[in-house]
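> model this:
(2 chains)
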Number of protein chains: 2
Amino acid sequence: MEPHHPMNIYDQITKPTLLLDETIARRNIARMAAKARQSGVRFRPHFKTHQSAEIGHWFREEGVTAVTVSSVDMAAYFAQHGWDDILIAFPANLRQLSDLDQLAAQVRLHLLLESVEAAERLSAGLRHEVAIWLKIDVGYHRTGLDWQNMADITAVAQTVHALPRLRLAGLLTHAGYGYTVGGAAEANAVYEQMVTRMNAVRDGLRVVGLETAVSIGDTPTGSLVDRFDGVDEIRPGNFVFYDTMQVSIGACQPEDVAVACACPIVAKHADRRQIVVYGGAIHLSKERLADADGQVNYGRIALPAAHGWRILPPQNVVKTMSQEHGIIQADETLFQQAQIGDLLLVLPVHSCLTANLLKRYLTLDGRWIEMADIH
Amino acid sequence: MEPHHPMNIYDQITKPTLLLDETIARRNIARMAAKARQSGVRFRPHFKTHQSAEIGHWFREEGVTAVTVSSVDMAAYFAQHGWDDILIAFPANLRQLSDLDQLAAQVRLHLLLESVEAAERLSAGLRHEVAIWLKIDVGYHRTGLDWQNMADITAVAQTVHALPRLRLAGLLTHAGYGYTVGGAAEANAVYEQMVTRMNAVRDGLRVVGLETAVSIGDTPTGSLVDRFDGVDEIRPGNFVFYDTMQVSIGACQPEDVAVACACPIVAKHADRRQIVVYGGAIHLSKERLADADGQVNYGRIALPAAHGWRILPPQNVVKTMSQEHGIIQADETLFQQAQIGDLLLVLPVHSCLTANLLKRYLTLDGRWIEMADIH
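Numbering: from 1, shown residues only, chains lettered A, B, ... in the order given. Now for the predicted structure:
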């Protein structure tokens, strides 16, 4: 029997298209799931990266039964697709109380809170029980209760504990400052500090008779620590695809990046060795990455290969972009090889944002995988 | 008869929603259309900003009959909605030849070229006639033939002239470097230089017996010059909504910005006077703007008002964002006034990208306007 000819997938591509290497993504999932199992923690992956019921199944095959999402709409989408234990890792939006209540009637719904006021309004507005996690700020300063502010944390925890329909479940943090770490040693230090701080808060609540679980979640520390000690649950998300930001952090190798945006070449400019592709801000997003010299880029370049893609040396990058154009700075080899009408691949800086823009995936064996269509 | 109560539109908003002030947008359209009429040039507005058939009608009411788009899909959408003179202002994508041919059968289709090779492949791949514009680079260096390189320009023009199914229509440029101008004097200088260079190219082609029209298009110079002298056609697009980038350039006043993203407040942090809203990179885009001190922001803040919104002092900005969170740096007045569950409005940095993400508009009288659903 003839084998498949995977190169053929490139023949059918006419416009910016997000390719997904299922083998890499499944390997990324299996590795994180195994580490969670070995550490004895619950693996509640964040599905905001892929936003796809089908890719959700790949997690289920690794034993995952609980998930994290970032919006009420995304929770509703995964509830529709059979998930019944869903955490919305975003401060509860009081303007969506009726949607939240409807979800709470269907699934075990977990919400985030960080104020007495929001707790009271949530309790008053719901008819079904929800599990509540207090969002703790361990140093990222995006949102959450400061881990050192035990007075406020205790007040919110006691309010939640006392109010009907709210069940105090635990403490949750996102060490987003993990995104500035540079390798395993720093990631382990960040992890250690985060876990120490979270457990200090847990101990503080235990003093007043409240038991809480600890949930953490970010791809850099999740990828770089060997074991998840001192926590009950992990919620990384980006690792399913990774991207060049994670490569630059040291959380993965370029070969671990599971998605690439195929972009048709529309022009070449020999004087500045630039290649113009159809593929811009509305496909890749304007997430940027600065290298050691402060040079900004919007993605790294690969070429179609017999199976998947071949990543080019790091000097080949998306240098600038506008709404639909990407301008590729090419080395001499790439510039000579690239022809108008060919495809280049862009490994995205931030795969979550690129996937959110392109809305579906083409696997290397030519199958389309749909995402939630959420506006 | 009771008047409408426009405040009610805010009551129905539960998640990030793009509000559109139709009065402002129509005023922006009318002003540009009038200037084009008075200058005796064809107004071929770029519809990539709004991507909406309904908003397209507002242009038609101002006498517009020809439009610009940035992709084949967008051309097909507007062709479906009754437009029959469409320019795709993007280098012709040779991987979409059959789509282009199908469009060329339906409408007067205008395409961009900048190489002999692309001209030959386009001619060979089409069965219907298309109008060809040569993309000229007058200094932006994104794409196009360098205006000083008359040898190459002439070669491409003569190739187009000689090939079947291609009709040489004109010379086209996008003075994207208009985006770095700072006010009317600079914009006029940029305009003057652009038009001088385009006419030098036109004169060069006339010498070899080729007549070409000149088409220009960008919102900064389009807004800031008094008359469109020396050109045949203008193609600005962003001006329909404007945004804070255009405010910073001086192309418009804050009061000319016609769209704002309504975002629910989900948390407040008194220690750093920050407000957390539901509204992040997947709603607003990561387009950023640096102020005179180099401080980066992702949008400017307004409050719901009796009709539309009231823009707050410029120190109130989206300071950072992640996928779904926006972190607002607030002055004391805003911080005190803003309550969890309320709405804040964000005037986007780049309205084209924000509209592309949010996919529909809510007018101040509570009507939804749909956009093209293009993946």
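> for A:Ala105, grab the count of nearby residues.
Using other CB atoms under 10 Å in any protein chain shown, A:Ala105 has 12 neighbouring residues. Every C-beta, even on glycine, is put in place using the N, C-alpha and C of the backbone.
> and the gap between it and chain B?
As judged by CB to the nearest CB, to the nearest Å, A:Ala105 and chain B stand 18 Å apart.
> doesn't that residue lie inside a strand?
No. The assignment for A:Ala105, made by DSSP: H, G, I helix; E, B strand; the rest coil, is helix rather than a strand.
> and it, what's its pLDDT?
As predicted, A:Ala105 sits at a pLDDT of 98.
> tell me who's in contact with it.
Contacts for A:Ala105 (CB atoms under 8 Å, 6 or more residues apart in numbering or on different chains) come out as A:Arg127, A:His128.
> who does the longest strand along chain A pair up with?
The strand that spans the most residues within chain A, counting by DSSP state E, is strand A:259-269. Strand pairing for strand A:259-269, using DSSP bridges, gives strand A:17-20 (antiparallel), strand A:274-278 (antiparallel), strand A:343-347 (antiparallel).
> turn those strands into TSV, including mean pLDDT.
As requested, these are exported to TSV (pLDDT from 0 to 100):
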stretch	mean pLDDT
strand A:17-20	98
strand A:274-278	98
strand A:343-347	98
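> can I get these in a markdown table with mean neighbour count?
Shown next, in a markdown table, are the strands paired with strand A:259-269 (neighbours: other CB atoms under 10 Å in any protein chain shown):
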| stretch | mean neighbour count |
| --- | --- |
| strand A:17-20 | 24 |
| strand A:274-278 | 25 |
| strand A:343-347 | 26 |
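> any chance of the ones you listed in a markdown table, with distance to B:His307 too?
Putting the strands paired with strand A:259-269 into a markdown table (distance: least, CB to CB, whole Å) gives the following:
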| stretch | distance to B:His307 |
| --- | --- |
| strand A:17-20 | 42 |
| strand A:274-278 | 41 |
| strand A:343-347 | 44 |
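> neighbours around the residue nearest to A:Val277 when sequence neighbours are not counted, how many?
Ranked by CB to CB, 6 or more residues apart in numbering or on different chains and with sequence neighbours excluded, the top spatial neighbour of A:Val277 is A:Cys263, at 3.8 Å. A count of nearby residues for A:Cys263, using other CB under 10 Å, gives 29.
> ok, now which ones touch A:Cys263?
A:Pro16, A:Val277, A:Tyr278, A:Gly279, A:His283, A:Gly326, A:Leu343, A:Leu344, A:Leu345, A:Val346.
> next, the buried residues of stretch A:151-166.
Neighbour-count burial for stretch A:151-166 flags A:Ile153, A:Thr154, A:Val156, A:Ala157, A:Gln158, A:Thr159, A:Val160, A:His161, A:Leu163, A:Arg165, A:Leu166 (criterion: 16 or more other CB atoms under 10 Å in any protein chain shown).
> then stretch A:229-249?
A:230-249.
> does that stretch reach chain B?
No. Contact between stretch A:229-249 and chain B is absent, the nearest approach being 9.4 Å (criterion: CB under 8 Å from any CB of the partner chain).
> follow-up on the earlier one: of the contacts of A:Cys263, which is the nearest to B:Ile9?
Nearest to B:Ile9 out of those is A:His283 (CB to CB; 31.8 Å).
> could you dump the buried residues of stretch A:151-166 into a markdown table with distance to B:Gly308, secondary structure and pLDDT added?
Shown next, in a markdown table, are these (distance: CB to CB, whole Å; DSSP: H, G, I helix; E, B strand; the rest coil; pLDDT from 0 to 100):
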| residue | distance to B:Gly308 | secondary structure | pLDDT |
| --- | --- | --- | --- |
| A:Ile153 | 40 | helix | 98 |
| A:Thr154 | 43 | helix | 98 |
| A:Val156 | 36 | helix | 98 |
| A:Ala157 | 41 | helix | 98 |
| A:Gln158 | 42 | helix | 98 |
| A:Thr159 | 37 | helix | 98 |
| A:Val160 | 38 | helix | 98 |
| A:His161 | 43 | helix | 98 |
| A:Leu163 | 38 | coil | 98 |
| A:Arg165 | 38 | coil | 98 |
| A:Leu166 | 37 | strand | 98 |
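> what's the closest of those residues to B:Gln12?
A:Arg165 (25.2 Å).
> residue contacts, the closest one?
A:Ser123, A:Leu126, A:Arg127, A:His128, A:Glu129, A:Val130.
> again, only using 7 Å
A:Ser123, A:Leu126, A:His128, A:Glu129, A:Val130 (CB atoms under 7 Å, 6 or more residues apart in numbering or on different chains).
> repeat that for A:Asn356.
Contacts of A:Asn356 (CB under 7 Å, 6+ apart): A:Gln51, B:Ile282.
> what's the closest of the strands paired with strand A:259-269 to A:Asp226?
strand A:343-347 (26.4 Å).
> following that closest one, which helix or strand comes up?
Using DSSP states H and E, the next helix or strand after strand A:343-347 towards the C-terminus is helix A:351-358.
> was I right about A:Leu18 contacting A:Leu358?
Yes. Here A:Leu18 reaches A:Leu358: they are 4.1 Å apart, a contact under CB atoms under 7 Å.
> shared neighbours, these two?
A:Cys261.
> ok, back up a step: which residues does the residue nearest to A:Val277 form a beta bridge with?
When bridges are called by DSSP bridges, A:Cys263 pairs up with A:Leu344.
> pull up the gap between it and A:Leu94, please.
For A:Cys263, the distance to A:Leu94 equals 41 Å [CB to CB, to the nearest Å].
> same question, A:Val318
On the measure of CB to CB, A:Val318 and A:Leu94 end up 40 Å apart.
> repeat that for A:Ala66.
From A:Ala66 to A:Leu94 the distance is 24 Å (CB to CB).
> any low-confidence regions in chain A?
By pLDDT under 70, the low-scoring segments of chain A are A:1-7, A:176-182, A:375.
> right, is stretch A:125-133 up against chain B?
No. For stretch A:125-133, no contact with chain B is found by CB under 7 Å from any CB of the partner chain; the gap never falls below 10.1 Å.
> so how far is that stretch off the chain centroid?
26 Å (CA atoms, centre = their mean, to the nearest Å).
> for stretch A:296-311, same thing?
Stretch A:296-311 sits 21 Å away from the centroid of its parent chain (CA atoms, centre = their mean).
> and for stretch A:118-127?
Distance, stretch centre to chain centre, for stretch A:118-127: 29 Å (CA atoms, centre = their mean).
> count of neighbours near A:Pro254?
15.
> in chain A, which helix has the most residues?
With DSSP state H setting the assignment, residue counts place helix A:184-207 as the longest helix in chain A.
> tell me what whichever strand or helix holds A:Val247 is packed against?
Using DSSP H and E, A:Val247 maps to helix A:244-249. Packing partners of helix A:244-249 (3 or more CB pairs under 7 Å, 6 or more residues apart in numbering or on different chains; DSSP states H and E): helix A:219-224, strand A:289-290.
> state the distance from the residue nearest in space to the middle of chain A to A:Ala355.
For chain A, the residue nearest the mean C-alpha position is A:Asn238 (3.0 Å; CA atoms, centre = their mean). From A:Asn238 across to A:Ala355, the span is 10 Å (CB to CB).
> so A:Val266 touches B:Arg95, yeah?
No. A:Val266 is not in contact with B:Arg95 according to CB under 7 Å; the separation is 9.1 Å.
> and these two? Which one has more around it.
Between A:Val266 and B:Arg95, A:Val266 has the larger neighbour count (other CB under 10 Å), namely 27 against 21.
> please list all residues in contact with that one.
Taking CB under 7 Å, 6+ apart, one finds A:Val276, A:Val277, A:Tyr278, A:Ile340, B:Pro91, B:Asn93 in contact with A:Val266.
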